[in-house]
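Colleague: have a look; sequence and predicted model below, questions after that.
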Amino acid sequence: MKRSKKKNPIEKKIKKPQNLVPTKQELREQRRRQRKANKRKRIMKALISTLVVLGICGVVGFGVYQAVNLGIFNVAEIEVVGNEIVDTETVIEASGINVGESIFLIDINQANYNINALMNLDELEISKIMPSKILIRMIESVPICAVNYDNKVYYITEDKKLIEDGEYLRKTDIPLIFGSDAVTITEIGKEVVVEPYWRFDTIMNILRDLKNDNNLEKISEVRMTEVNTYEIVTKNGTIFILWDYDNYIDNKAYIQNNLDKNTSNMIINLAVGTKPVIKPR
């Protein structure tokens with residue numbers, strides 16, 4: 001009898017490992033699932049962010065609503081800066097802005113237009129300062145003189161345009177003009193007609209010269225007299241009497257010398273001859 005041959009255990013059949021590399025179909029499926037997962041994450045993040053923002057806006061909005069109801073944003077102060085000629089109350093009244101109204105309802109453009117329509121300004125800026133303040137900054141046009149007539153004072157620029165008028169002198173570093181027969185105005189920013197116009201032209205020529213020589217602040221008054229002369233009164237109390245503008249030019253150096261020396265309380269008549277006639281006041 002043939003003996004059966006026993007198999008050596010070492011000779012057991014070794015199973016081949018399965019192929020671990022995914023197929024193209026599996027790779028596509030994996031990428032699809034990953035994209036869906038990423039999309040869900042993005043949606044959740046966006047939703048959470050939106051809810052947070054809406055929550056913050058709701059809290060802020062409720063706070064603002066409560067503040068408005070309590071009057072926190074009502075105008076409590078209107079500050080005017082830069083006005084020398086026009087008084088503060090006139091500026092505020094011209095703006096149309098009222099204390100107590102909501103700062104959110106203030107029309108800055110309309111207030112700007114209102115003020116410029118009534119005043120001759122070089123610059124104007126109106127700002128809201130939260131929660132309850134209005135700031136009006138202005139630079140007025142520079143006057144060369146103020147004409148006193150019929151219990152009113154008219155502030156006039158170098159080119160004879162009206163800046164403002166009032167019942168008393170608010171700016172003391174410019175000469176006050178006396179002796180006009182009439183003053184005709186149309187509106188702010190337009191030329192003022194001062195009669196007699198030819199005499200006022202003489203005064204304006206003298207004032208321009210004084211301004212160019214930095215002497216304008218030293219002059220208190222300029223008077224047109226009944227005898228057709230001009231009196232220039234300094235802040236030191238000295239009076240220069242002139243016949244016309246040519247007379248002023250002829251004596252300009254002499255006048256300058258006295259202004260530099262701060263001659264005070266003298267009457268210096270330059271309209272009677274070739275030499276000044278001087279006497280104390």
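Modeller: Yep, it's here. The shown structure was predicted, so the numbers you read here are calculated from the model rather than taken from an experiment.

Colleague: okay, the nearest residue to I134 once chain neighbours are set aside: pLDDT?
Modeller: Distances taken as C-beta to C-beta, 6 or more residues apart in numbering put I78 closest to I134, at 4.6 Å, once the chain neighbours are dropped. Bear in mind the C-beta positions are built from the backbone N, C-alpha and C, glycine included. For I78, the pLDDT comes out at 96.

Colleague: what do you get for K2?
Modeller: 51.

Colleague: same question for K6.
Modeller: We have a pLDDT of 53 for K6.

Colleague: please apply the same query to the one 5 residues further on.
Modeller: E11 is assigned 50 on the pLDDT scale.

Colleague: list the buried ones in the helix or strand containing the residue nearest to I134?
Modeller: Using DSSP states H and E, I78 maps to strand 77-81. For strand 77-81, a neighbour-count test (16 or more other C-beta atoms under 10 Å) marks I78, V80 as buried.

Colleague: point out where the chain drops to low pLDDT.
Modeller: Applying pLDDT under 70 to the chain flags residues 1-20, 59-70.

Colleague: so which residues of it form helices?
Modeller: 24-70, 88-95, 108-118, 197-212, 245-250, 252-261 (DSSP state H).

Colleague: could I get those helices as TSV with mean neighbour count and distance to E221?
Modeller: Output for the helices of the chain, formatted as TSV (neighbours: other C-beta atoms under 10 Å; distance: least, C-beta to C-beta, whole Å):
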stretch	mean neighbour count	distance to E221
helix 24-70	10	54
helix 88-95	17	25
helix 108-118	15	28
helix 197-212	18	11
helix 245-250	16	15
helix 252-261	14	15
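
Colleague: any chance of the ones you listed in a markdown table, plus distance to I174?
Modeller: Output for the helices of the chain, formatted as a markdown table (distance: least, C-beta to C-beta, whole Å):
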| stretch | distance to I174 |
| --- | --- |
| helix 24-70 | 46 |
| helix 88-95 | 19 |
| helix 108-118 | 21 |
| helix 197-212 | 9 |
| helix 245-250 | 18 |
| helix 252-261 | 16 |
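
Colleague: who's in contact with stretch 247-260?
Modeller: The contact list for stretch 247-260, computed with C-beta atoms under 8 Å, 6 or more residues apart in numbering, reads 205-206, 209, 213, 215, 218, 230, 232, 234, 238, 240, 242, 268, 270-271, 276.

Colleague: and for stretch 72-79?
Modeller: Contacts for stretch 72-79 (C-beta under 8 Å, 6+ apart): 64, 67, 92, 95, 97-104, 106, 130-136.

Colleague: what's the answer for stretch 210-225, then?
Modeller: Residues from elsewhere that reach stretch 210-225, judged by C-beta under 8 Å, 6+ apart: 144-145, 158, 173-180, 196, 199-200, 203, 206-207, 230-236, 256, 259.
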